[in-house]
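Student: Quick check, what structure comes out for this input:
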Amino acid sequence: MRKSLPFDGLVERGTPEHQKKNQIEVESLDPRGFFRRGRVTDQALIDVLLVEKRINPSQFSAGEMYLELMGRAGLFLRSPSLERGTGMTGKDVGGSIASRIMAISRARSRLRDNAEEGAAQAVEICLGSNLRVNLRLLRSGLDVLSEHFGIGDLPDPRSLWLNH
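Tutor: So this is what the prediction gives:
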């Protein structure tokens with residue numbers, strides 16, 4: 001027979017793994033404070049900017065896509081593999097540095113050439129180091145990237161749900 005736990009008013013608390021990985025603050029969902037939920041307070045800065053509506057969904061998605069390219073290009077330090085590697089032949093260049101950096105080169109060139117001065121640096125510092133930067137420069141860079149990725153007028157899915 002299952003033992004039921006007393007209802008503590010906490011609607012959403014996440015999995016135990018989620019709770020260990022993130023800092024979670026409990027907030028009220030109703031004026032009396034009876035229904036509560038856990039909210040992650042140590043999100044990435046780009047997530048916080050979207051939640052605070054300081055950037056729009058197109059800019060957010062462009063930032064995520066660029067961050068993915070940064071990872072593929074090897075712009076972040078990783079632990080070295082302890083497995084024995086095989087030698088590279090002349091045709092096996094898929095894992096080479098030159099090959100990896102090509103993953104981001106077109107988007108980075110577009111960002112550098114089409115955004116205002118300092119925007120490329122603002123985007124990479126915000127995404128790569130999770131540090132606050134000049135919001136106007138960040139938005140400018142993210143707008144160029146959203147145009148580059150073809151997601152310029154992406155609607156906020158929350159507004160679509162609320163209008164139906």
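Student: Local confidence estimate at residue 131?
Tutor: For residue 131, the model assigns a pLDDT of 93.
Student: how close does it get to residue 24?
Tutor: Per CB to CB, to the nearest Å, residue 131 is found 23 Å from residue 24. Yep, even glycine has a C-beta here, placed from its N, CA and C like the rest.
Student: which one of these two has more residues nearby?
Tutor: The neighbour count for residue 131 versus residue 24, taken as other CB atoms under 10 Å, is higher for residue 24 (18 against 10).
Student: Could you tell me how many residues sit around the residue lying closest to residue 28 once chain neighbours are set aside?
Tutor: Nearest non-adjacent residue to residue 28, counting by CB to CB, 6 or more residues apart in numbering: residue 36, 5.6 Å away. Look at residue 36: counted by other CB under 10 Å, it has 17 neighbours.
Student: And for residue 72?
Tutor: Number of residues near residue 72 (other CB under 10 Å) recorded here: 13.
Student: what does residue 133 give?
Tutor: Neighbour count for residue 133, taken as other CB under 10 Å: 19.
Student: unless I'm mixing things up, it is touching residue 126, no?
Tutor: Yes: between residue 133 and residue 126 there is a contact under CB atoms under 8 Å: 4.9 Å.
Student: Return stretch 59-68 as CSV; C-alpha atoms alone will do.
Tutor: Provided in CSV are the C-alpha atoms of stretch 59-68 (Å, rounded to 0.1, in the frame of the first residue of the first chain):
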residue,chain,number,x,y,z
GLN,A,59,17.2,37.0,-30.1
PHE,A,60,17.1,34.2,-27.4
SER,A,61,16.9,31.5,-30.1
ALA,A,62,19.7,33.1,-32.1
GLY,A,63,21.8,33.2,-28.9
GLU,A,64,21.2,29.5,-28.3
MET,A,65,22.1,28.6,-31.9
TYR,A,66,25.3,30.6,-31.7
LEU,A,67,26.2,29.1,-28.4
GLU,A,68,25.8,25.6,-30.0
